[in-house]
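1. can you look at this prediction? I've put the sequence above it.
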Amino acid sequence: MGFPGVWMTESESVVYRVVPKCACSTIGQIMYYSDHGRFFEGDIHDADQGLHKWAQDHSQGPIEANVRAHESFAFTCVRNPYARILSSFFDKICGIQRNGNRYRGNLVPLLVQKYGIEVGGDDGTEEFDQIRSFRRFLLFARDTIRWRRPMEPDIHWSAMSGHISTFIVNGGRYDRIFWTERFDEGMQDVLDHIETPHPVDLASIPRFNESEGHGPKRAHPVEAYFDDLSMHLVYEIYKRDFELFRYDVADPSNKMPLAEIDLDEVHAKLGD
């Protein structure tokens, strides 16, 4: 299986396991800058040089050798499951993607037909009942994750623990897992542990939110989208994420973690 979703600087200063919807664009650009002294022009997900990625054949040998020997500091980043699934809905379901099309082609028409979801019209700009549509999307996300129907679960709403576990199961070990909600603190700790060809001043780094502007603006606070049933669904889908990464399942309005992440526990529970 190898190390899907793993990026590594060409200098091999640091290894990162991508978790979708968890500041991965900003992290990728910081890694790219730390090697080259400039940012990648465009979406870092499109970069096919200047950064080792497992999806590139020529990168797999260097990544595998590095990770198995634990030669570099390895990290990843997580996000509150309530905010993450909501972000996925507005970006991937309601939004027009950077290629000018809907995400995954026939996915949105399928959701409109089978789940009665509205997405703001053809261009995502019309008003619609965001709360009702999101709750219907949650049913779809649960169906994909629990029963793999009507399709396989998508990387943007499958559990973070699933992404993170592949690195451990195949022989990797994390030195740091931090929260997007405390991004500066966590990313600075990573930078403090590594030596890069170009120094990174985190305070001057812009945030690269590549999903910004794809879809309609969220009209309500996070907690407004979650009633008792949808909170139950979110816990059913992301129980392990809440427990391992210490997020508050009882209060969708509290985006901050409740306690520190225990790395030994993460490796023990996700390494099976």
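-> That came in fine, so what should we check first?

2. what is the burial count for the nearest residue to residue 77 once chain neighbours are set aside?
-> Using CB to CB, 6 or more residues apart in numbering and skipping residues adjacent in sequence, the residue nearest residue 77 is residue 22, 4.8 Å away. To be clear about C-beta, it is placed using only N, CA and C from the backbone, and glycine gets the same treatment. Neighbourhood size, residue 22 [other CB atoms under 10 Å]: 22.

3. what do you get for residue 111?
-> Residue 111, neighbours per other CB under 10 Å, totals 19.

4. other residues contacting the helix or strand encompassing it?
-> If you go by DSSP states H and E, residue 111 is part of helix 107-115. Under the criterion CB atoms under 8 Å, 6 or more residues apart in numbering, residues 93, 102, 117-119, 136-137, 139-140, 150-151 lie in contact with helix 107-115.

5. most neighbours out of these, which is it?
-> Of those, with other CB under 10 Å as the count, residue 93 tops at 27 neighbours.

6. quick one, strands of the stretch 151-272 of the chain?
-> For the stretch 151-272 of the chain, applying DSSP state E, counting those that start in this stretch gives strands covering 176-179.

7. hmm, residue 127 is touching residue 119, no?
-> No - with contact defined as CB atoms under 8 Å, residue 127 does not reach residue 119; the gap is 11.5 Å.

8. got the CA coordinates for the very next helix or strand once past the helix holding residue 111 in PDB?
-> Using DSSP H and E, the helix or strand that follows helix 107-115 in sequence is helix 130-147. Extracted C-alpha coordinates of helix 130-147, given in PDB (Å, rounded to 0.1, in the frame of the first residue of the first chain):
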ATOM      1  CA  GLN A 130     -28.500  25.700   3.700                       C
ATOM      2  CA  ILE A 131     -29.400  23.900   6.900                       C
ATOM      3  CA  ARG A 132     -31.900  21.500   5.400                       C
ATOM      4  CA  SER A 133     -29.600  20.700   2.500                       C
ATOM      5  CA  PHE A 134     -26.500  20.200   4.700                       C
ATOM      6  CA  ARG A 135     -28.400  17.800   6.900                       C
ATOM      7  CA  ARG A 136     -29.500  15.800   3.900                       C
ATOM      8  CA  PHE A 137     -25.900  15.700   2.700                       C
ATOM      9  CA  LEU A 138     -24.900  14.300   6.100                       C
ATOM     10  CA  LEU A 139     -27.200  11.300   5.500                       C
ATOM     11  CA  PHE A 140     -25.400  10.800   2.200                       C
ATOM     12  CA  ALA A 141     -22.000  11.100   3.800                       C
ATOM     13  CA  ARG A 142     -23.000   8.500   6.400                       C
ATOM     14  CA  ASP A 143     -24.300   6.200   3.700                       C
ATOM     15  CA  THR A 144     -21.000   6.300   1.800                       C
ATOM     16  CA  ILE A 145     -18.900   5.700   4.900                       C
ATOM     17  CA  ARG A 146     -21.000   3.100   6.500                       C
ATOM     18  CA  TRP A 147     -22.400   1.100   3.600                       C
END
